[in-house]
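> build me a structure from this.
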Amino acid sequence: MFSKILIANRGEIAMRILRACRRLDVAAVVAYSEADRDSLAVQLADEAICVGPAEARRSYLAAPQILSAAIVTGCDAIHPGYGFISEDDTFAEMTRAHGLTFIGPPAEVLERFASKAGTRQLLARHGLPTIPGSKGMLRDDDQAIAEADRVGYPVLIKPSAGGGGKGMRMVRSARELQQALTICRSEAQAAFGDDSLYLEKWLEDNRHVEVQVVVDRYGNGVHVGERDCSVQRRHQKLIEEAPTPALAPEARQRLADQAIGAVVGAGYENVGTLEFLVDAQGSTYFIEINSRIQVEHPVTEVISGLDLVVEQIRIAAGEPLGYGQADIQLRGHAIEFRINAEDVADDFRPQAGTVEGYLPPGGPGVRMDSHLYSGYEVPPFYDSLLGKLIVWGPDRATAIARARVALDELVVDGLRTNLPFHRAILSNAAFLEGNFTTNLLDRVGGAAFVAAAS
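Below you'll find the model as predicted:
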């Protein structure tokens, strides 16, 4: 096991990794930007070191500063969290070249799965059905138009790197496509340092379902069930739950078995997530793999009892999995609500400011992952995520009932959040029935949801 880990991230995921280090009795150093000097992770870490100014490009995305921070503080491993450098195969190789361990898939595995278009082709060869799309990355606008004509509109523009809905646009015509390509390239370059794009056929009225996998370096792997991430705003997830209401138990089992078989066969390693779309007929299509821990991982943790961040660290340290598929027992139903600093009434416009009061909820089956505290200054430079409320119940109805109470108890004063939306969706008939798709919110807007529930 490692002796000291550098946490190269911020916010709630920095706190989550810090807690995993505590559980393993491993010292933790938090790398922070000048804007995060007073963050909770910095205050609670064994050590903290500034890696640059507020701009992510000069701090959390700056490989030389992060590597230097790890070396000067005597760390033997770096945990990148999610986003930023978490799927950067070049950084993972640089880490190894400096005698350190990258906590995640090794550089050669990240490189193998780096291209989303290439990964579709790779895993299709290992038995996963995929959505029709462009053949490789788009060289220019002319090729994009030709590929869209071949696939058929509507199509989804997607970035090769990263996630979180950045650089993604659904378009219904060649004119929309040309306008959107420039925007998507710019967003992808700013967010991930890579403006490569590709196309996928857009499925109307689809569900977004993903399978959690854990694989050690010796080829032992398990799946930890699936999650439903269909409540989204412009391709950004807002609510996740497990198991999915979209599939019958037999179909869920078949999907999970296909997923773990494909990634083990393709040589994946560490914790990862395979994302699928489910069409109106119940057919599933693989779209991408996230070679990192995901924001929504607590949903899987609370129904399985598995600490996925600890598993990341153990596997990166070379430990064998130590358990098999029969040991994974999934129990009950869990729902996660992403609490963001956003103004729902103003098209979810991001907010910044001082948290004047913070009171997390409690009670049976309630978990709150957050970096907030009263007096904390939310900076305007990063993602708007303030925390995640996760509720568990023996069944979906109980989880929803507990969610209503927990959302009413949760207090974040001083800036606008998306709490009104979360409270409102728990009275939405489609959500309560489990009969919703990824365009549920985009059809009416968040403000309409809140107004309808008032």
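
> tell me the pLDDT of Val444.
On pLDDT, Val444 comes in at 65.

> enumerate every residue touching Leu203.
By Cβ atoms under 8 Å, 6 or more residues apart in numbering, the residues touching Leu203 are 131, 277, 279, 285. Every residue, glycine included, has its C-beta placed from N, CA and C.

> is the residue nearest to Asp46 when sequence neighbours are not counted bridged to anything, and to what?
Nearest residue to Asp46 in three dimensions, chain neighbours excluded: Ala27, at 4.7 Å (Cβ to Cβ, 6 or more residues apart in numbering). For Ala27, the beta-bridge assignment (DSSP bridges) gives partners Lys4.

> after the biggest helix by length in the chain, which helix or strand is next?
Determined from DSSP state H, the single longest helix within the chain is helix 174-192. Downstream of helix 174-192, the first helix or strand assigned by DSSP states H and E is strand 197-201.

> partner strands of the helix or strand that comes right after that next one, with direction?
For strand 197-201, the following helix or strand on the C-terminal side (DSSP H and E) is strand 207-215. Using DSSP bridges, the strands paired with strand 207-215 are strand 221-233 (antiparallel), strand 270-278 (antiparallel).

> separation between Phe102 and Glu93?
Phe102 is 8 Å from Glu93, where distance means Cβ to Cβ, to the nearest Å.

> higher neighbour count, the two?
Phe102 (25 against 16; other Cβ atoms under 10 Å).

> need the contact list for the more buried one.
Counted by Cβ under 8 Å, 6+ apart, Phe102 has contacts 77-78, 80, 91-92, 95-96, 316.

> out of the strands paired with strand 207-215, nearest to Thr417?
Among these, the nearest to Thr417 by Cβ to Cβ is strand 221-233 (14.0 Å).

> and that closest one, C-alpha only, in CSV?
C-alpha atoms of strand 221-233 as CSV (Å, rounded to 0.1, in the frame of the first residue of the first chain):
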residue,chain,number,x,y,z
GLY,A,221,-13.3,-8.4,-12.7
VAL,A,222,-16.8,-7.8,-11.4
HIS,A,223,-19.6,-5.6,-12.2
VAL,A,224,-21.4,-3.7,-9.4
GLY,A,225,-24.8,-3.4,-11.1
GLU,A,226,-26.1,-0.5,-13.1
ARG,A,227,-27.3,3.1,-12.6
ASP,A,228,-29.9,5.1,-14.4
CYS,A,229,-28.8,8.7,-15.3
SER,A,230,-31.7,9.8,-17.4
VAL,A,231,-32.6,13.0,-15.6
GLN,A,232,-30.4,15.4,-17.4
ARG,A,233,-30.2,19.0,-18.5
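
> about what we covered before: okay, buried residues for the longest helix of the chain please.
176-177, 180-181, 184-185, 187-188, 191-192 (16 or more other Cβ atoms under 10 Å).

> count the neighbours of Arg423 for me.
For Arg423, the neighbour count with other Cβ under 10 Å is 18.

> roughly how far does it sit from Arg314?
38 Å.

> before we move on, what about Ala399?
Taking Cβ to Cβ as the measure, Ala399 and Arg314 are separated by 29 Å.

> same deal with Ile78?
16 Å.

> likewise for Val51?
To Arg314, Val51 is 26 Å away according to Cβ to Cβ.

> again, but for Tyr60
On the measure of Cβ to Cβ, Tyr60 and Arg314 end up 25 Å apart.

> repeat for Thr273
Separation of Thr273 from Arg314 (Cβ to Cβ): 18 Å.

> who has more neighbours, those two?
Each of Thr273 and Arg314 has its neighbours counted (other Cβ under 10 Å); Thr273 has more, 26 against 22.

> the longest helix of the chain to strand 197-201, inter-axis angle?
In terms of direction (axes from the mean of the first three to the mean of the last three Cα atoms, to 10 degrees), helix 174-192 departs from strand 197-201 by 130 degrees.

> now helix 174-192: how far from the chain's centre is it?
With Cα atoms, centre = their mean, to the nearest Å as the basis, helix 174-192 stands 21 Å off its chain's centre.

> surely Lys135 touches Ala144?
No: in this structure Lys135 lies outside contact range of Ala144 using Cβ atoms under 8 Å: 11.8 Å.

> between the two, which one's more packed in?
More crowded of Lys135 and Ala144, by other Cβ under 10 Å: Ala144, with 24 against 13.

> hang on, the earlier thing: how much space between the residue nearest to Asp46 and Gln43?
Distance, Ala27 to Gln43, using Cβ to Cβ: 16 Å.

> who's more crowded, those two?
Each of Ala27 and Gln43 has its neighbours counted (other Cβ under 10 Å); Ala27 has more, 16 against 12.

> and the more buried one, what does it touch?
Ala27 is in contact with 3-5, 21, 46-47, counting by Cβ under 8 Å, 6+ apart.

> just the pLDDT at it, thanks.
Per-residue confidence at Ala27 stands at 98 (pLDDT).

> just Ala452 next, same as before
pLDDT for Ala452: 64.

> equivalent analysis for Asp46, please.
Looking at Asp46, its pLDDT stands at 98.

> now it: how far from Ala14?
The gap separating Asp46 from Ala14 is 13 Å, by Cβ to Cβ.

> who's more crowded, the two?
A direct count of neighbours by other Cβ under 10 Å for Asp46 and Ala14 places Ala14 higher, at 26 against 15.

> element containing the more buried one?
helix 11-24.

> cool, Asp149 as well?
helix 141-151.

> buried ones in that helix?
Within helix 141-151, the residues scored as buried using 16+ other Cβ under 10 Å are 144-145, 147-148, 151.

> neighbours around the residue nearest to Ala403 when sequence neighbours are not counted, how many?
Take Ala403 and drop its neighbours on the chain: the residue closest to it by Cβ to Cβ, 6+ apart is Val391, 4.5 Å away. Applying other Cβ under 10 Å, we find 29 residues neighbouring Val391.

> wasn't Val391 part of a helix?
No: per DSSP: H, G, I helix; E, B strand; the rest coil, Val391 lies outside any helix segment and is strand.

> tell me what it is bridged to.
Applying DSSP bridges, one finds that Val391 bridges with Ile335, Val366.

> so it sits right up against Gly332, yeah?
No: with contact defined as Cβ under 8 Å, Val391 does not count as touching Gly332 (10.3 Å).

> JSON lines for the strands paired with strand 207-215, including mean pLDDT?
Shown next, in JSON lines, are these (pLDDT from 0 to 100):
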{"stretch": "strand 221-233", "mean pLDDT": "96"}
{"stretch": "strand 270-278", "mean pLDDT": "97"}
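
> quick check: which of those strands is nearest to Pro361?
The closest of the strands paired with strand 207-215 to Pro361 is strand 221-233. By Cβ to Cβ, the value is 19.7 Å.

> contacts for the helix or strand that the closest one is followed by, please.
The element immediately downstream of strand 221-233 (helix or strand, assigned by DSSP H and E) is strand 236-242. With Cβ under 8 Å, 6+ apart as the test, strand 236-242 has contacts from 164-165, 208, 225-229, 231-232, 295-296, 299-300, 303, 330, 333-338, 340, 396, 399, 418, 421-422, 425, 441.
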